[in-house]
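# My questions concern the predicted model and sequence given below.
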Amino acid sequence: SSTAGVHGQGLFHINGRDEEKCHQVCPGMVLVPLSMLHGDAVWGDEKRKRGETGKVVLVMSHDNIAALIVIFALSVLGAIYLWKICTHRRCVCRICRNQYRQLHLIGAGGYGSVFLVERLHDGSRFVAKKIL
């Protein structure tokens, strides 16, 4: 009896004597009788026309489970990152709301910086301190 193995993107034919070798080399490989493949190719189109769906069987090896855990963890981290971006609070001080313009830096130290600023609506000058 001849079988077909599914490997990567293609199919290949295996004789009965090579089947045991294939299971030793690739223990997770799925071997399917050729009659099933040809029958599904003929009957698959008719099933799709009637709206019937086929089954997908996933082999849950340790590698597949580890990959699913990594994908889940990355999805959770991505959702947290997006939440932080969407809920980021902006500064509401008058300088950030464009009521003042920074003219130049007067001085800076370990606790912050001091700027000469000008109020835009009347041109008055003030000193603003930005604390780090």
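Thanks, I have it.
# Quick check: what element follows the helix or strand in which residue 83 is found along the chain?
Per DSSP states H and E: residue 83 is located in helix 62-86. Heading C-terminal from helix 62-86, the first helix or strand you meet, by DSSP H and E, is strand 100-108.
# Partner strands of that next one and their direction?
Counting by DSSP bridges, the strands paired with strand 100-108 are strand 112-119 (antiparallel).
# can I get the CA coordinates of the partner strand in PDB?
Only the C-alpha atoms of strand 112-119 are listed here, as PDB (Å, rounded to 0.1, in the frame of the first residue of the first chain):
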ATOM      1  CA  GLY A 112      15.900  70.900  36.600                       C
ATOM      2  CA  SER A 113      16.300  73.800  34.200                       C
ATOM      3  CA  VAL A 114      15.400  77.500  34.200                       C
ATOM      4  CA  PHE A 115      14.200  79.200  31.000                       C
ATOM      5  CA  LEU A 116      13.400  82.700  30.000                       C
ATOM      6  CA  VAL A 117       9.800  82.600  28.600                       C
ATOM      7  CA  GLU A 118       7.500  85.100  27.000                       C
ATOM      8  CA  ARG A 119       3.700  85.200  27.400                       C
END
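# Averaged pLDDT, the helix holding residue 83. What do you get?
Helix 62-86 comes out with an average pLDDT of 92.
# repeat for stretch 107-126
In this model, stretch 107-126 has a mean pLDDT of 92.
# buried set for that stretch?
For stretch 107-126, burial by neighbour count (16 or more other CB atoms under 10 Å) applies to 115, 117. In short, each C-beta sits where N, CA and C put it, glycine included.
# List of residues touching that stretch?
Here stretch 107-126 makes contact (CB atoms under 8 Å, 6 or more residues apart in numbering) with 95, 98-106, 127-132.
# Pull out the buried members of those.
Buried, going by 16+ other CB under 10 Å: residue 100, out of the contacts of stretch 107-126.
# Which one of the contacts of stretch 107-126 is nearest to residue 78?
residue 132 (30.2 Å; CB to CB).
# which ones are touching the closest one?
Residue 132 sits next to 111, 112, 113 when contact means CB under 8 Å, 6+ apart.
# So what pairs up with the second one in the strands?
When bridges are called by DSSP bridges, residue 112 pairs up with residue 131.
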